[in-house]
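take a look and give me a structure for this.
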Amino acid sequence: AGHRAEPSHVFFRHLDQLKVGDALYYDNGQEIVEYQMMDTEIILPSEWEKLESVSSKNIMTLITCDPIPTFNKRLLVNFERVAVYQKSDPQTAAVARVAFTKEGQYVSRVATSQW
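Down below sits the predicted model:
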């Protein structure tokens, strides 16, 4: 979960612009896990059952307020795990720095050496 109301909220500011197939990379400390965007959904703040885990799939869901500026609903962006890379592999480090979406929309703000 994250905010996106202010220009400084860069990580979730443009979640509504992601497209099916876009990639998200998660660094868990030992591995870099690649997820592919499956779909989005707009829900009411009270519909927490939409966040229950699905045991048959490895899903990551990002959630933020929507729409800007009323924020009376929640945007869910669902990703499914597609690959796991070992951090000890030199190519993995390069992959993590290069992509947040396949179009590279967030590379300049997100994929830095400090990320």
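
all strands for the chain, in order.
Listed from the start of the chain, the chain has strands (DSSP state E) covering 23-27, 31-43, 59-66, 73-86.

adding distance to Ala5 and mean pLDDT, write those strands out as CSV.
The way it works is simple: take the backbone N, C-alpha and C, and place the C-beta from them, glycine included. Below are the strands of the chain laid out as CSV (distance: least, Cβ to Cβ, whole Å; pLDDT from 0 to 100):
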stretch, distance to Ala5, mean pLDDT
strand 23-27, 21, 84
strand 31-43, 17, 90
strand 59-66, 7, 90
strand 73-86, 12, 91
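
will you turn these into a markdown table that also has distance to Leu51 and mean neighbour count?
Conversion of the strands of the chain to a markdown table gives the following (distance: least, Cβ to Cβ, whole Å; neighbours: other Cβ atoms under 10 Å):
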| stretch | distance to Leu51 | mean neighbour count |
| --- | --- | --- |
| strand 23-27 | 17 | 17 |
| strand 31-43 | 9 | 16 |
| strand 59-66 | 6 | 18 |
| strand 73-86 | 8 | 16 |
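
okay, the ones you listed in TSV with distance to Phe12 next?
TSV is the format used below for the strands of the chain (distance: least, Cβ to Cβ, whole Å):
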stretch	distance to Phe12
strand 23-27	12
strand 31-43	13
strand 59-66	4
strand 73-86	9
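
nearest to Arg13, of those strands?
Set against Arg13 and scored by Cβ to Cβ, the strands of the chain come closest in strand 59-66, at 8.7 Å.
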